[in-house]
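Student: Here is my input; please provide its structure:
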Amino acid sequence: MCILCLSSCNRQGAARNMPETLNAPRGNQSYSIDGVNTVAELISITDDEGNTISFDKPFARIISFYSAHTENLFTLGAGAKLIGGHSTCDYPAAARNLPVFEYTGDPEYVIAAMPDIVLIRPFVRRHNPAYISALENAGIPVVSLYPESFGAFDEYIRRLALLSGTDAEQKLEEFHAELRDIENKDSVIKERLNVFFETTERETRTASPESLPALAIEISGGVNIARDAKPVTPLSSIAPYGTEKLLSRADDIDAYIVQTGAMNPARSIDTLRRRAGFLAIKAIRDGKVLFIDERIVSSPVFRYLQGVKTIAHFLYPDEFDKPEYAE
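Tutor: The predicted structure follows:
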């Protein structure tokens, strides 16, 4: 299919030094699309484990082991190139029809599917190194991508676009333009609300100050009351806050947002009111509580815009319209 080389750099800290721009092309290659001869430059990118991947044309048979990769590929118009996904890949609806592959089972199932490339995130290799090594030993390129911050989102999307042969620029331009529109409405907000964002009930964890949820609150015009929270690790999006500290600010919390998903089973305001002392929290007492899917507020996907719009409408319904939800 393509000229491909994988060179493994020292993985320790490699992601910290990831280049902001793609590596320079390394020459020209010829191939045919629909009978038309095309000259393509050999493209090289560096993934988030420090590996260099070089190819002369887009990959046509992709297996994705991360739901965000799958969702973003569909958004970019490359859904037809996906031949399989992880069991968590359930958006958009078409993703649910993909053959399911797990990275905890027998790698021979993936090898037998003959993908041109397998997309993972660093978490997958850390927890299943032997599985990923088996794929690589079988000659299947494995590319590991994960943006550690919102600032790295565009470069992450551009690399997905290069790998799949799609154009990311218009999507990114529209995405940022809509976020700016929301942020620019700051001037019409008469009174800013203090917000607490709960990621998990355990340790009353919240979103770290540099995380996607914290940024969503800021863009929406809210004030993150837990902006002094310290992340569990330097790059983590989760930060312990503690019930005692939370309750000490009970009267200051105007709005309470709960991230729902695998890590947090809370689904109703009654579950919050039954927690010891939580009826003292102003937002819970007044019913100003929002339950929001973690996949639209904590995942590096274009639907993050939907999450921001949801939070903005929740906080200031008179200034922001209720967003439409795509299924």
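
Student: Quickly note the distance from residue 106 to residue 128.
Tutor: Computed with Cβ to Cβ, to the nearest Å, the distance linking residue 106 and residue 128 is 12 Å. No exception for glycine: its C-beta is placed from N, CA and C like everyone else's.

Student: the more surrounded of those two?
Tutor: Between residue 106 and residue 128, counting by other Cβ atoms under 10 Å, residue 128 is the more crowded of the two (18 against 11).

Student: The residue lying closest to that one once chain neighbours are set aside and residue 225, how far apart?
Tutor: Nearest residue to residue 128, sequence neighbours excluded (Cβ to Cβ, 6 or more residues apart in numbering): residue 103, at 5.1 Å. The gap separating residue 103 from residue 225 is 38 Å, by Cβ to Cβ.

Student: Spell out the residue ranges of the strands in the stretch 201-327 of the chain.
Tutor: Counting by DSSP state E, counting those that start in this stretch, one finds strands in the stretch 201-327 of the chain at the ranges 205-207, 223-224, 238-240, 255-260, 289-293.

Student: could these go into CSV alongside mean pLDDT?
Tutor: Formatted as CSV, the strands of the stretch 201-327 of the chain follow (pLDDT from 0 to 100):
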stretch, mean pLDDT
strand 205-207, 95
strand 223-224, 97
strand 238-240, 93
strand 255-260, 96
strand 289-293, 96
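
Student: Of those strands, which stretch is the most buried?
Tutor: Stretch with highest mean neighbour count among those: strand 205-207 (a mean of 28; mean count of other Cβ atoms under 10 Å).

Student: in its sheet, what does that one sit against?
Tutor: Looking at strand 205-207 with DSSP bridges, its partner strands are strand 194-200 (antiparallel), strand 238-240 (antiparallel).

Student: Show me the contact partners of that strand.
Tutor: Strand 205-207 is contacted by residues 196-199, 213-214, 217, 224, 226, 229, 237-241, 259, 298 when judged by Cβ atoms under 8 Å, 6 or more residues apart in numbering.

Student: Just the buried ones from these, in PyMOL syntax?
Tutor: This is how PyMOL selects the buried members of the contacts of strand 205-207, with burial counted by 16 or more other Cβ atoms under 10 Å:
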select buried, resi 196+197+198+199+213+214+217+224+226+229+237+238+239+240+241+259+298
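
Student: still on that earlier bit, nearest to residue 48, of the strands paired with strand 205-207?
Tutor: Residue 48 lies closest to strand 238-240 among the strands paired with strand 205-207, at 19.3 Å (Cβ to Cβ).

Student: And the contacts of that closest one?
Tutor: Residues outside strand 238-240 that contact it (Cβ under 8 Å, 6+ apart) are 199-200, 203-209, 211, 226, 229-232.

Student: The same query, at a cut-off of 7 Å, please.
Tutor: Residues outside strand 238-240 that contact it (Cβ atoms under 7 Å, 6 or more residues apart in numbering) are 199, 203, 205, 206, 207, 208, 229, 230, 231, 232.

Student: Switch the residues you listed over to a markdown table; also include distance to residue 93.
Tutor: What follows is the contacts of strand 238-240, written out as a markdown table (distance: Cβ to Cβ, whole Å):
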| residue | distance to residue 93 |
| --- | --- |
| 199 | 27 |
| 203 | 36 |
| 205 | 31 |
| 206 | 32 |
| 207 | 28 |
| 208 | 32 |
| 229 | 36 |
| 230 | 39 |
| 231 | 34 |
| 232 | 34 |
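
Student: pull the longest helix from this structure.
Tutor: Taking DSSP state H as the criterion, the chain has its longest helix at helix 169-183.

Student: Quick one: mean pLDDT for that helix?
Tutor: Per-residue pLDDT over helix 169-183 has a mean of 97.

Student: Dump it to PDB, restricted to CA.
Tutor: Extracted in PDB, the C-alpha atoms of helix 169-183 (Å, rounded to 0.1, in the frame of the first residue of the first chain):
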ATOM      1  CA  GLU A 169      -9.000  22.700   8.400                       C
ATOM      2  CA  GLN A 170     -12.600  23.700   7.700                       C
ATOM      3  CA  LYS A 171     -13.900  21.600  10.600                       C
ATOM      4  CA  LEU A 172     -11.300  23.100  13.000                       C
ATOM      5  CA  GLU A 173     -12.100  26.600  11.800                       C
ATOM      6  CA  GLU A 174     -15.900  26.100  12.400                       C
ATOM      7  CA  PHE A 175     -15.200  24.500  15.700                       C
ATOM      8  CA  HIS A 176     -13.100  27.400  17.100                       C
ATOM      9  CA  ALA A 177     -15.400  30.000  15.600                       C
ATOM     10  CA  GLU A 178     -18.400  28.700  17.500                       C
ATOM     11  CA  LEU A 179     -16.400  28.500  20.700                       C
ATOM     12  CA  ARG A 180     -15.300  32.100  20.300                       C
ATOM     13  CA  ASP A 181     -18.900  33.100  19.700                       C
ATOM     14  CA  ILE A 182     -19.900  31.600  23.100                       C
ATOM     15  CA  GLU A 183     -16.900  33.200  24.800                       C
END
